[in-house]
Each structure stands twice: as C-alpha cells, then as structure tokens.
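> Curious how this folds, go ahead:
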Amino acid sequence: MSGLNAVLARNTNNAAAGFGPGSQTVAFSHYNNFSAQLPIDPKTGQLVQGGIKAQAKQCFENIKTVLESIDHCMTDVIRLTVFVANIADVDAVDEVFKTYYTTYLPARTNLAADAIPMDALVQIEALVSNGVGSIPNEPQAGDLIKLTNNTPNAPICPMSTQTVAFSHYNNITAQLPINPKTGFIVPGGVKEQTAQCLKNIKAILESIDVPIDDIVKLTVFLKNLSDIDAVNEVYKTFFPDSGIARAVGYFPARTVVSVKDLPMYALVQVEAVVSHGDGTPPQLVEDRHGIIIEANNTKDAPIWPLSTQTVAFSHYNNISAQLPIDEYGKAVHGSVKEQTAQCLNNIKAIIESVDHKLEDIVKVNIFLKNLSDIDAVNAVYEKFFPGGTPARRVVGVSELPMGALIQIDAIAGNAEGTPPMV
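All right, here's what the predicted structure looks like:
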C-alpha cells in the first residue's frame, strides 16, 4: 500500500481497557476510531455501581480520558453510538450527555442491544476527528473544521446534529421513521417506516447538496430480522438513484443488525456514512474536488445483490458485514470458532482484493448470537490480529441472517486515497 499515512493505535492506562483484544483508539488520516467504552472503572477493572446514570457517566469519562490522552476533547467527537440494555434508559443517558455537550452536538445513534458485554446497562462508542492526520511527525491540516447541519425537511433532535462533516466524510445521525412535519412515527408497517428513514436521509443529503448515491455505508437496525425482505423491496427503490450509479449497479456497503428495541418503538432505523468530496475548510479547492467512490467485489468472498463488499472513498475502505458464508454461497455450520474464521477470511479476501492487508484495518464490529461465545471468538480473532490493533465493538444480538452465530464488519485505511489523491 502506497502513501505515508500510518495506522496509529494508542492506549492509556487512565481509561478502561477494551473488552477483549483491541486498542482504545486507532487513528488513520483524519479520523480516530474508538473502541466501544463500557462503564468500567479503570482503577478496579469492574463495572461501576449506581444504575444507568452512573454507568453512562463512566462511559463518557472513559471516552474523555482517551481523548485527553491524544490531545483531543469531547467536542472533537463526530458521532456517538449508544447501546443500552433497556431502551427506556436513553432518557437517563441523555441527562448525562447534556453535562458533556452544552452547545455542539455530535451525530448519534441510539438502540437497545440484546446483550452488552459484562451485563452492562450501557456501552458508548465514539468516532473522533483527527485534524493533524496520521503521517508520522508531519501534521496534515490541524485547522480542519467540522461542518454541522440541520434541515427542517428531516426530524430535528435536541440531542444530536443531523449531519456532521469532517474532512472527506459526512456522518449522518441514525434516522428513525419519523415524519418531520408531525414529529411522529409514520403509520403503516416496516415498508412505510423504511421509506421514511430513507426519505429523511435523502432530505438531509439534499440540504447539503449531496446525492444519495454518495452514501458509502449503510447500517440497517431491525426490530424483527424477518422484515429484511420487505426492507429490501423499499431499499431497491432508493438505490441506485442516479443514471451513473444505475449504469454500474452501485450499492453502498451494508450491515443489517437485529436489535432488541429502537427509540419510539420503531421497527427500523437507518444510519449512513457519506462521502464528502468537497472536504471541509481549509482544504484547498484543487485538493478536494473529483475524489471518486471506488466500489469493489471479489469472487473470493460472498457477493450479495444489494451491497458492495467494499466501498473506498478518500482514505477509508468501508466493508460490508460478513457472515460465515464461503465464496460459493454455502453457510459454515460448525462451531462459533469455524464461523468466526470464515467471517474473518472473507474480510481478508475482500481487503486483499483491493491490494490491502489485515494490518490496514482500523475498526472491527462484532455481532454475536451468544455473547458467552466471546472467548472462543477471541481465540480465533487473535490469530488474524495478533497485535490487537483494530478498535473494536462487541454486542449481542437475538438473531443473525441465515441463522449465523456471528457477523463481522470492518473499516480499513486506504493510504493511497481515491483519485485524484496521490
């Protein structure tokens, strides 16, 4: 892989270690990818007591400590993802959130997971700006700024910003099926709700002059995984959207996740990560126009009709969630160890097909049918990532596609960027 950007993994003893092998933060180019933080007291290594507010505060304190250890602050957070055990606890998390964020609001995703490591009540993950970049000893653009935007054509939440752009990416707050005119969930079933989620995303993008085909990664959170066929029927009416995208059959990378509950008892919620070719100031005009999306599939890993295996833009590759399916489309029915190995081998094949390697991966998201399988998963995982470099998120889900025990997606660095970057 060409280029000078380096994968920069960092840890501090002042914050809790992650759940299993993984770095607290892994920076690449203009973003820091944080491991999901549990409410662990770093002094004791144990969960803090005192209920949801105490645990939420500890999660935020751990994030703050990691930020300070790399000379960043809470307002450098671009997106927060909040996993709770009980969806009703989001209000309590919000009360704590407001003590850390009084003016600037990051993009945000809230959901209830079927299981959180260590039986915690909450787990919080952060994506953080990295203006200095990750070229060793050579700051790139320390004065890059965030661009935030809300439009009345999509739901406005007092606890998040609809879109937060930094450098060459827009991060969209997860959209619920809320009609922005009424503030309520749209009537109907999962089809109507999916359409509203995607309409909200499209309205947000149009407000910043970005087409929906500039989305590089979508995560679909579903209350009932059996609804996926209905979701896909609607999905195909939004993607591809433009003539160019239709000509090449472009679909974003995608992850589908079963969740315990969603805010407002929604059936579906959709999160988007979007390319931002114009960049954010003070990037020069000649350095920021014409960057292209590079989408790629390889026959050495499963190919799905409604997603692309990897979508690169600028300095990141976004990899679709991988199930334990071999390149012939056959499910691996062995133990969680065999299934974990197949997921990771699929990721390895995808990343190698675009001339990268596993060492370029900066973030791994693991979704487990049985959270008690984590030790077996880690035994396999450490063979693929012996240095423990990627940041990690681990959550338990009630169900996975095709009856799988595990699903894994990933984000990888792309040092050479996408044209016209060199």
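
> Going by C-alpha atoms from here, please, whenever you check contacts or count neighbours.
Noted.

> Do a quick rundown of the helices in the stretch 301-422 of the chain.
336-353, 374-384 (DSSP state H, counting those that start in this stretch).

> where does the protein dip in pLDDT?
Along the chain, the model assigns pLDDT under 70 to residues 1-3, 137-142, 284-289, 420-422.

> sorry, back to before: so of the helices of the stretch 301-422 of the chain, which one's packed in deepest?
Among these, helix 336-353 has the highest mean neighbour count (mean count of other C-alpha atoms under 10 Å), at a mean of 22.

> for it, packing partners?
strand 316-322, helix 374-384, strand 406-413 (3 or more C-alpha pairs under 8 Å, 6 or more residues apart in numbering; DSSP states H and E).

> swap the cut-off to 10 Å and go again
Helices and strands touching helix 336-353, by 3 or more C-alpha pairs under 10 Å, 6 or more residues apart in numbering; DSSP states H and E, are strand 293-296, strand 310-313, strand 316-322, strand 361-368, helix 374-384, strand 406-413.

> partner strands of the strand or helix carrying Thr148, parallel or antiparallel?
If you go by DSSP states H and E, Thr148 is part of strand 147-149. Applying DSSP bridges, strand 147-149 is found paired with strand 163-166 (antiparallel).

> Need the residues that contact stretch 39-54.
Under the criterion C-alpha atoms under 10 Å, 6 or more residues apart in numbering, residues 12-18, 38, 55-62, 84-86, 89-97, 118-124 lie in contact with stretch 39-54.

> Apply 8 Å and report the result again.
Residues from elsewhere that reach stretch 39-54 (C-alpha atoms under 8 Å, 6 or more residues apart in numbering): 13-17, 38, 55-59, 62, 89, 92-93, 95-96, 118, 120-123.

> same check, this time on stretch 91-99
In contact with stretch 91-99 (C-alpha under 8 Å, 6+ apart) are residues 52-53, 56-57, 60, 159.

> could you redo the last one with a cut-off of 6 Å?
For stretch 91-99, contacts defined as C-alpha atoms under 6 Å, 6 or more residues apart in numbering pick out 53, 56.

> show me the contacts for Val336.
Taking C-alpha under 6 Å, 6+ apart, we find Val336 in contact with no residue.

> distance of it from Phe384?
From Val336 across to Phe384, the span is 15 Å (C-alpha to C-alpha, to the nearest Å).

> try Pro21
11 Å.

> Can you list the buried residues in the strand holding Thr148?
Buried residues in strand 147-149, counting neighbours by 16 or more other C-alpha atoms under 10 Å, are found at Thr148.

> For the closest residue to Thr163 other than its chain neighbours, give its distance to Ser307.
What sits nearest to Thr163 in space, not counting adjacent residues and going by C-alpha to C-alpha, 6 or more residues apart in numbering, is Ile172, at 4.5 Å. Noted for Ile172: a distance of 19 Å to Ser307, by C-alpha to C-alpha.

> Of those two, which one has the most company?
Set Ile172 next to Ser307 and count neighbours by other C-alpha atoms under 10 Å: Ile172 wins out with 28 against 23.

> so the more buried one sits in a helix?
No. Per DSSP: H, G, I helix; E, B strand; the rest coil, Ile172 lies outside any helix segment and is strand.

> Do a quick rundown of the helices in the stretch 151-300 of the chain.
190-207, 228-238, 243-248, 285-288.

> Around Lys330, how many other residues sit close by?
Quick note: Lys330 (other C-alpha under 10 Å) scores 10 neighbours.

> one step back: quick one: contacts for the residue nearest to Thr163?
162-163, 272.

> could I get those as CSV with neighbour count?
Formatted as CSV, the contacts of Ile172 follow (neighbours: other C-alpha atoms under 10 Å):
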residue, neighbour count
Gln162, 27
Thr163, 30
Ala272, 23
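
> Tabulate these (TSV), appending distance to Pro187.
Shown next, in TSV, are the contacts of Ile172 (distance: C-alpha to C-alpha, whole Å):
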residue	distance to Pro187
Gln162	23
Thr163	26
Ala272	23
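
> Can you give me the buried ones in the helix or strand hosting Phe97?
Assigned by DSSP H and E, Phe97 belongs to helix 90-100. Neighbour-count burial for helix 90-100, with 16+ other C-alpha under 10 Å as criterion, is recorded at 90, 93-94, 96-97, 100.
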